[in-house]
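Asks: Here is my input, please return the structure:
(chains A and B)
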Number of protein chains: 2
Amino acid sequence: MKKPDPSLLSLNTATVKKQWKLGQIIDGCARHGISGIAPWRDQVAEFGLEQTARLIKTHGLAVTGLCRGGAFTAKDWRDDNRRAIAEAHVLGAQCLVLVVGGLLAESKDLASARQRVIEGIYAILPEARQAGVPLAIEPLHPMQAAERACINTLEQALDICDALGYGVGVALDVYHVWWDPKLEEQIKRAGRERLLAYQICDWLVPTRDLLSDRGMMGDGVIDLPRIRSWVEAAGYDGFHEVEILSDRDWWKKDPDNVLATCKQRHRDSS
Amino acid sequence: MKKPDPSLLSLNTATVKKQWKLGQIIDGCARHGISGIAPWRDQVAEFGLEQTARLIKTHGLAVTGLCRGGAFTAKDWRDDNRRAIAEAHVLGAQCLVLVVGGLLAESKDLASARQRVIEGIYAILPEARQAGVPLAIEPLHPMQAAERACINTLEQALDICDALGYGVGVALDVYHVWWDPKLEEQIKRAGRERLLAYQICDWLVPTRDLLSDRGMMGDGVIDLPRIRSWVEAAGYDGFHEVEILSDRDWWKKDPDNVLATCKQRHRDSS
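Replies: Numbering: from 1, shown residues only, chains lettered A, B, ... in the order given. Presented below is the predicted three-dimensional model:
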């Protein structure tokens, strides 16, 4: 299988969020020759939106996504998504990633939560289209259905895309979908138009925590080159964004070492 | 929604395996008026197959399943499944539950693992039919795809059933499938013929461990009455088997208390 183009590496800022502030992360990407970045909104808020946009522009980085909108089960979801769209516009983000939210408090009604998500995306879609910000629904692993996102398969996300029309697609994070027996088929269905972001990391065996025990590419069991080949066959030619949440390991390491490892593993194991 | 019939409660012996040996568990079921039991093979081996069969018969318990066959990625899968079928036959088990196995050692090839599972079930199916032991494929939660079972949705399991014909169905454990957006549709598809076992417990929020942090019915977020209504609508009128793996909680409690709680929660929260 052919190796990935090294210039397509992007860094999701969560990967070194415990070690560096956003300004340092942007500088770090530039220093390591990583040409894409996907920042989180809390970090952007802390560093300042305008300053973030300026520094990213100075270094000529692509913003492969802004994390995150969604959370349609939160009380202020409408205003918060409006702000997220505006921020994504200022940053020139290729998409706004939607982590849609889980069950409502005290509720066991998954079907209602899912309906609420569809209605929420429908409500914010006109503003997103007007701002030129594609909305990227991120299906999250089924183990996070209750707490974080009730959209849990690529098929389910694409059904929503089909219902809502243009301006909405998916953020495909291998960590959440690698196990899916319908993955290849649904990636093909998504096609270039719906595939707005491609995120990589690895699934560790054993996995010791449901949220923040992700592995560096090559350290787990995900067949990354194979999934990339499906994504490429579907026409996707965008960035490969590394997002590693790792309490026990990568969040404890020297961040320059983390970035160097991301580059090497992107080249050799993705 | 109507309450479940209390006489349909069954106990999967894993629920109190840390506190009691199999003989004690069988006696416990009888004492608490629980009329079904689903033993694990290691416990049966320890207590003795004939003695287990005798004691279960003495108390008039239904054997709602034998756990477990499968493990098609293990070296001796053929002989081990042959033994499992024979044991299920001796116990008069309503099915042999198949936990099919995950990835092969050192492999990232999920597609091959899945193909191996199909071929494995195909190979043992004639013996199972001859012994009158239905094989119940248990789809396991996607978080266990690498280590325990590469069959991860009800749809995937039913596709295999359709390919293999009679004598094979599914064991539906709510813990593994509750999140699935296609659950209702696929339960309907399964129908009475394919639904060989129905297992219950609950999904805790937060879940602190991927394997053994299951909750007692009512303590988590699974809408058990709703899922039961789908199962009943599909024609299933068999037992409701409680299987709770709980290192932090139920495995530490007095087992008589656990059984009493199972009875109460089955009645009130399932």
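Asks: thought A:H176 was touching A:I137?
Replies: No. Using CB atoms under 8 Å, A:H176 makes no contact with A:I137, being 11.4 Å away. In short, each C-beta sits where N, CA and C put it, glycine included.
Asks: Who has more neighbours out of the two?
Replies: Neighbour totals were compared for A:H176 and A:I137, and A:I137 leads with 30 against 24 (other CB atoms under 10 Å in any protein chain shown).
Asks: now check the longest helix anywhere in chain A, is it near chain B?
Replies: In chain A, with assignment by DSSP state H, the single longest helix is helix A:110-131. Yes. Using CB under 8 Å from any CB of the partner chain, we find that helix A:110-131 touches chain B at A:110, A:114.
Asks: could you say what helices and strands the helix or strand just after that helix packs with?
Replies: Remark: after helix A:110-131, the chain's next helix or strand is strand A:135-137, criterion DSSP states H and E. Counting contacts by 3 or more CB pairs under 8 Å, 6 or more residues apart in numbering or on different chains; DSSP states H and E, strand A:135-137 packs against strand A:96-99, helix A:110-131, helix A:154-164, strand A:168-173.
Asks: For chain A, what lies in contact range of chain B?
Replies: Applying CB under 8 Å from any CB, we find that chain A lies next to chain B at A:103, A:108-110, A:114, A:141-143, A:145-147, A:152-153, A:156, A:178-181, A:203, A:205-207, A:210, A:221-223, A:226.
Asks: Filter those down to the buried ones.
Replies: Using 16 or more other CB atoms under 10 Å in any protein chain shown as the burial test, the residues of chain A next to chain B include A:103, A:108, A:110, A:114, A:141-143, A:145-147, A:152-153, A:156, A:178-181, A:203, A:207, A:210, A:221-223, A:226 as buried.
Asks: Reformat the helices and strands packed on strand A:135-137 as JSON lines; add mean pLDDT.
Replies: Putting those into JSON lines (pLDDT from 0 to 100) gives the following:
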{"stretch": "strand A:96-99", "mean pLDDT": "98"}
{"stretch": "helix A:110-131", "mean pLDDT": "97"}
{"stretch": "helix A:154-164", "mean pLDDT": "98"}
{"stretch": "strand A:168-173", "mean pLDDT": "98"}
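Asks: quick one on the thing from earlier: just the residues contacting the longest helix of chain A, thanks.
Replies: By CB atoms under 8 Å, 6 or more residues apart in numbering or on different chains, the residues outside helix A:110-131 that reach it are A:69-70, A:72-73, A:77-78, A:81-82, A:85-86, A:88-89, A:96, A:98, A:100-104, A:107, A:134-135, A:137, A:145, A:150-151, A:156, A:160, A:163-168, B:178-179, B:181, B:223.
Asks: Check stretch A:199-217 too.
Replies: With CB under 8 Å, 6+ apart, stretch A:199-217 has contacts from A:12, A:143-144, A:171-175, A:178, A:218-222, A:224, A:240-251, A:261-262, A:265-266, A:269-270, B:143, B:146-147, B:206-207, B:210.
Asks: taking those residues one by one, which sit in strands?
Replies: A:12, A:171-173, A:240-242 (DSSP state E).
Asks: any chance of the residues you listed in a markdown table, plus neighbour count?
Replies: As requested, the ones in strands among the contacts of stretch A:199-217 are exported to a markdown table (neighbours: other CB atoms under 10 Å in any protein chain shown):
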| residue | neighbour count |
| --- | --- |
| A:N12 | 28 |
| A:A171 | 29 |
| A:L172 | 29 |
| A:D173 | 22 |
| A:H240 | 25 |
| A:E241 | 26 |
| A:V242 | 28 |
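Asks: Please identify which of these is nearest to chain B.
Replies: Of all the ones in strands among the contacts of stretch A:199-217, chain B sits closest to A:D173, with 13.5 Å by CB to the nearest CB.
Asks: So that closest one is in contact with A:E243, correct?
Replies: Yes. Look at A:D173 against A:E243 with CB under 8 Å: they come within range, at 6.6 Å.
Asks: Apart from its neighbours in sequence, what residue is nearest A:A30?
Replies: Counting by CB to CB, 6 or more residues apart in numbering or on different chains, A:H59 is the residue found nearest to A:A30 once chain neighbours are left out, at 4.0 Å.
Asks: For that neighbour, list the residues it contacts.
Replies: Each residue near A:H59 by CB under 8 Å, 6+ apart is listed here: A:26-27, A:29-30.
Asks: name the element A:K188 belongs to?
Replies: Secondary structure assigned from DSSP H and E places A:K188 in helix A:183-194.
Asks: State the pLDDT value of A:T73.
Replies: Looking at A:T73, its pLDDT reads 88.
Asks: Setting the sequence-adjacent residues aside, check what's closest to it.
Replies: For A:T73, ignoring the flanking residues on the chain, the nearest one in space by CB to CB, 6+ apart is A:G101 at 3.7 Å.
Asks: and the one you found, how many neighbours?
Replies: Per other CB under 10 Å, the neighbour tally for A:G101 reads 22.
Asks: Would you mind confirming that it makes contact with A:G70?
Replies: Yes. A:G101 is in contact with A:G70 according to CB under 8 Å; the separation is 6.1 Å.
Asks: what about the helices in the stretch 1-150 of chain A?
Replies: Shown for the stretch 1-150 of chain A, the helices assigned by DSSP state H, counting those that start in this stretch span residues A:22-32, A:41-47, A:49-58, A:77-91, A:110-131.
Asks: Now the shortest one: buried residues?
Replies: With burial defined by 16+ other CB under 10 Å, the residues of helix A:41-47 counted as buried are A:41, A:43-44, A:47.
Asks: partner residues bridging A:Y198?
Replies: A:L172 (DSSP bridges).
Asks: List the contacts of it.
Replies: A:Y198 makes contacts with A:171-172, A:228, A:231, A:236, A:238-241, as judged by CB under 8 Å, 6+ apart.
Asks: if I look at it, how far off is chain B?
Replies: 18 Å (CB to the nearest CB, to the nearest Å).
Asks: I'd say A:C262 and A:I34 touch.
Replies: Yes. The pair A:C262 / A:I34 is scored as a contact, 7.4 Å apart, by CB under 8 Å.
Asks: Between the two, tell me which one has more neighbours.
Replies: Higher neighbour count among A:C262 and A:I34: A:C262, with 28 against 23, using other CB under 10 Å.
Asks: and the spatially closest residue to the more buried one that is not a sequence neighbour, bridged to which residues?
Replies: In this structure, A:C262 finds its nearest non-sequential neighbour in A:V242, 4.8 Å apart by CB to CB, 6+ apart. Under DSSP bridges, the beta-bridge partners of A:V242 are A:L11, A:I200.
Asks: Let me see the contact set for A:V242.
Replies: Taking CB under 8 Å, 6+ apart, one finds A:9-12, A:15, A:199-201, A:217, A:262, A:266 in contact with A:V242.
Asks: let's see 6 Å
Replies: Contact partners of A:V242, counting by CB atoms under 6 Å, 6 or more residues apart in numbering or on different chains, are A:11, A:15, A:200, A:262.
Asks: can you pick the most crowded of those?
Replies: In terms of neighbours by other CB under 10 Å, these top out with A:L11 at 30 neighbours.
Asks: Would you mind measuring from it to A:R267?
Replies: To A:R267, A:L11 is 14 Å away according to CB to CB, to the nearest Å.
Asks: circling back: identify whichever of the helices of the stretch 1-150 of chain A lies nearest to A:R189.
Replies: helix A:110-131 (18.3 Å; CB to CB).
Asks: what about A:T58, neighbour count?
Replies: Residues near A:T58, counting by other CB under 10 Å: 11.
Asks: how far away is it from A:D27?
Replies: For A:T58, the distance to A:D27 equals 10 Å [CB to CB].
Asks: Over to A:A149?
Replies: Applying CB to CB to A:A149 and A:D27 gives a distance of 32 Å.
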